[in-house]
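Visitor: Make a model of this:
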Amino acid sequence: MSDEESLEVNITSNETKQLESLLEQTLNQLYIARQVAIQETSHLDNTDREIIQNDYKTAITIFEELKNEISQHSTFNSLVNFVEQKEEGTHELNRAKLKAKQTQHTLKVLKNEIAVEKNKINEETQALNVQLGMLKDQYQDELWEQGVKLRYSTDWLQAQSKQHEIQLEKNAHDLKNQVDQLEKTLEQEHRVHDELEDFYSMKLGEYIQQLVYWVDKYEHDKNDYDQRIATIKSEHANLLERMTAAKELYASRQAEITAYEEIKEKRRLEEIHLAHLNANATKIQAWWRGMMVRCKLGPYKVKKSKGKGKNKNK
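Guide: Numbering: from 1, shown residues only. Just a heads-up that it's a prediction; the model follows:
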């Protein structure tokens, strides 16, 4: 039986109502948190605000789909699909790291080109200054109008040179900001990847422990049943003369064993169902903690500095 089939069969109506109530509370908290985030991020640029709003929108959409699916089908398919998409995001992170390395290399090449271009402009500026000095010496006896034109040319060349320098510094600053933003994004994605990897390792260890437990339990129960069968055969051989009474006694004992096995099987299915619910609940909690860290909610919320707020009011 697959995970989807087990969810559809084992979730009771009471559990479905409890999950719907919990999801409804979570959605209300997300709506409130989104409104607060919109107000608190008004000082950020459009890109950062869109990232935060998209994160809230994604979380709200996932919980709404999960709530509808639980109420209609009593399954977690939408949440399972979302977790699988997050695993694909790990591969995207690796590709982003490679792209960051390429960006760093490109930045280094651009810095070298900027330095060469700056040196070239400085050499041209120095050459122009020398030429201007020579022109001043050669035409110092010319009319005042020629002197004004010469000064105008000198100022224009210096302004052009200054404009080139300012443009180069601005381009270098923009590239540096882009690299810093990529480094922050990679650091955040790497932290999320480490948390998911630790969670998967923990769950794998739990599944292995459960597998060992059930194998040992099967061997123990099998030996117990073998001993009971041997005892019943021995009693049957010794009480052959009382065949009628022995058959009635055997039928009674067999009914007890059957009832015991049914009760035991029912308990085993309940334990498997409870373990499955706990595993899914753990996944939801881990995902929610990751969302709180990325969206800076609850204990991860960034506190405002009181000093900066006073300066702004002044």
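Visitor: Now do the contacts for Lys57.
Guide: If a contact means C-beta atoms under 8 Å, 6 or more residues apart in numbering, then Lys57 has Arg34 as its contacts. In this view, the C-beta of every residue, glycine as well, is placed from N, C-alpha and C.
Visitor: which SSE is it in?
Guide: Taking DSSP states H and E as the criterion, the element that holds Lys57 is helix 46-73.
Visitor: For that helix, buried residues please.
Guide: Neighbour-count burial for helix 46-73 flags Ile52, Asp55, Tyr56, Ala59, Ile60, Ile62, Phe63, Leu66, Lys67, Glu69, Ile70 (criterion: 16 or more other C-beta atoms under 10 Å).
Visitor: With stretch 231-238 instead?
Guide: Ile232.
Visitor: Likewise for stretch 278-295?
Guide: Quick answer for stretch 278-295 (16+ other C-beta under 10 Å): Asn280, Lys283, Ile284, Ala286, Trp287, Arg289, Gly290, Met291, Met292, Val293, Arg294, Cys295.
Visitor: Stretch 120-136 too?
Guide: Across stretch 120-136, burial judged by 16+ other C-beta under 10 Å covers Ile121, Thr125, Leu128, Leu132.
Visitor: ok, now which ones touch the second one?
Guide: For Thr125, the contacting residues are Leu157, Gln158, Ser161, by C-beta under 8 Å, 6+ apart.
Visitor: Please enumerate the helices of the stretch 201-314 of the chain.
Guide: Along the stretch 201-314 of the chain, counting by DSSP state H, counting those that start in this stretch, helices occupy 243-295, 306-313.
Visitor: how far off helix 46-73 does whichever helix or strand comes after the helix holding Lys57 point, in degrees?
Guide: Sequence-wise, the next helix or strand downstream of helix 46-73 (DSSP H and E) is helix 77-138. Helix 77-138 and helix 46-73 are oriented at 170 degrees to each other (axes from the mean of the first three to the mean of the last three C-alpha atoms, to 10 degrees).
Visitor: quick one: average pLDDT of helix 77-138?
Guide: What helix 77-138 shows for mean pLDDT is 76.
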